[in-house]
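Asker: next comes the sequence, and after it the predicted model I'd like to discuss.
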Amino acid sequence: MPRSDVGGDQSAIMTRLEAIEDIYPSIADHVVVTIMGATAAELYACGHRPNFFYLEHAMGLASSMGLGIALARPDLKVIVLDGDGSVLMNMGGLTTMARSDPPNLVHVVFDNEVLLSVGVSFTTATAGPADIEGIARESGIRRTATCRDPRELRRLVDEALLADELSTIVAKVDPVGPDSYFIDPHMLENRFEFERVLRKMGRSAGGDSEADGNGSSNRDGNGSSNTDGEVDREINTIGDWNE
Ligand SMILES: Cc1ncc(C[n+]2csc(CCOP(=O)(O)OP(=O)(O)O)c2C)c(N)n1
């Protein structure tokens, strides 16, 4: 349950797990890099894919890794699933992202106002006046947004993927995490599997991803991915992007 004594803004209405479940169909066929801990465990719980990399331990650096991949592989879309504590630990990451300005990078920051993975009592500066969207915008990222609703997040992610412009989306979420932080594959296996799939992705005719069907998925418990279908969503054009 959300803690009433944590965070300055109590109007968050989604959990990160709900949010990840909602955006999963949109991101499943792209390169995804997550921060360690709760975010990684929750994406893994939604269904592992070989094109997902869980950057364990290196707090703050998922956005830097995502930036590197986006710059090296302009033929791919890269989504980074970040946390407020991690962004604040590596704020220079935002300025470097803005300066490099890769159009194929979508940066989603789950802002729960705490360092959840080490304990909800450790609040971050966003529990006070700090505003990550504002910091991103002033760092030079032109396409930014903040949302509090999973459907809104899904729309923003879909629009960002279509827009071909560096985007930072802050999703305000409740400070709740998974019961278990277990992730299988092991870190090293994830590292090699991810590298292998990156080499294959985007190389086939028409830019189709070869990530489909190459890896395991625990999403439906039978080893097959149920995310292969085209994302068929109406894009709501009533935007709240700060561009
Ligand atoms: C350099 C470094 N310092 C501290 C840690 C310990 N640590 C792991 S997860 C975490 C909290 C991350 O906070 P946030 O990015 O807000 O994500 P959340 O856990 O809230 O989902 C911390 C402090 C670490 N892994 N690396």
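Answerer: In hand now; what should we look at? Just so we're clear, the structure is a prediction, and the values are computed from it rather than from any experiment. Residues are numbered from 1 along each chain as shown.

Asker: which ones are touching the most centrally placed residue in the chain?
Answerer: Centroid-nearest residue in the chain, with CA atoms, centre = their mean: Leu81, separated by 2.0 Å. Applying CB atoms under 8 Å, 6 or more residues apart in numbering, we find Leu81 in contact with Ile20, Val32, Val33, Thr34, Ile35, Thr39, Leu43, Ala62, Val108, Phe110. Where C-beta positions appear, they are placed from N, C-alpha and C, glycine not excepted.

Asker: enumerate every residue touching Arg107.
Answerer: For the record, residue 107 is His, not Arg. His107 neighbours (CB under 8 Å, 6+ apart): Ser63, Gly66, Ile79, Val80, Asp82, Met97, Ala136, Ile141, Leu166, Ser167, Thr168, Ile169.

Asker: for the ligand, see how far away it is.
Answerer: 13 Å (CB to the nearest ligand atom, to the nearest Å).

Asker: do you know how far that residue is from Val120?
Answerer: Noted for His107: a distance of 24 Å to Val120, by CB to CB, to the nearest Å.

Asker: Gly37 too?
Answerer: For Gly37, the distance to Val120 - CB to CB - is 12 Å.

Asker: residue ranges for the helices of this structure, please.
Answerer: Assigned by DSSP state H, the chain shows helices spanning 16-27, 38-46, 62-72, 84-89, 92-100, 132-139, 150-163, 187-200.

Asker: let me have those in CSV, adding mean neighbour count and distance to Val176 as columns.
Answerer: Formatted as CSV, these follow (neighbours: other CB atoms under 10 Å; distance: least, CB to CB, whole Å):
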stretch, mean neighbour count, distance to Val176
helix 16-27, 22, 8
helix 38-46, 23, 9
helix 62-72, 21, 20
helix 84-89, 23, 14
helix 92-100, 17, 26
helix 132-139, 20, 19
helix 150-163, 20, 14
helix 187-200, 15, 25
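
Asker: quick one: closest of those to Ser180.
Answerer: Ser180 lies closest, by CB to CB, to one member of the helices of the chain: helix 38-46, at 6.7 Å.

Asker: which other helices and strands contact that closest one?
Answerer: helix 16-27, strand 31-34, strand 52-54, strand 78-83 (3 or more CB pairs under 8 Å, 6 or more residues apart in numbering; DSSP states H and E).

Asker: ok, which of the ones you listed comes nearest the ligand?
Answerer: Closest to the ligand of the helices and strands packed on helix 38-46, according to CB to the nearest ligand atom: strand 78-83, at 2.4 Å.

Asker: the closest one vs the ligand: in contact?
Answerer: Yes. Strand 78-83 is in contact with the ligand by CB under 6 Å from any ligand atom, via Gly83.
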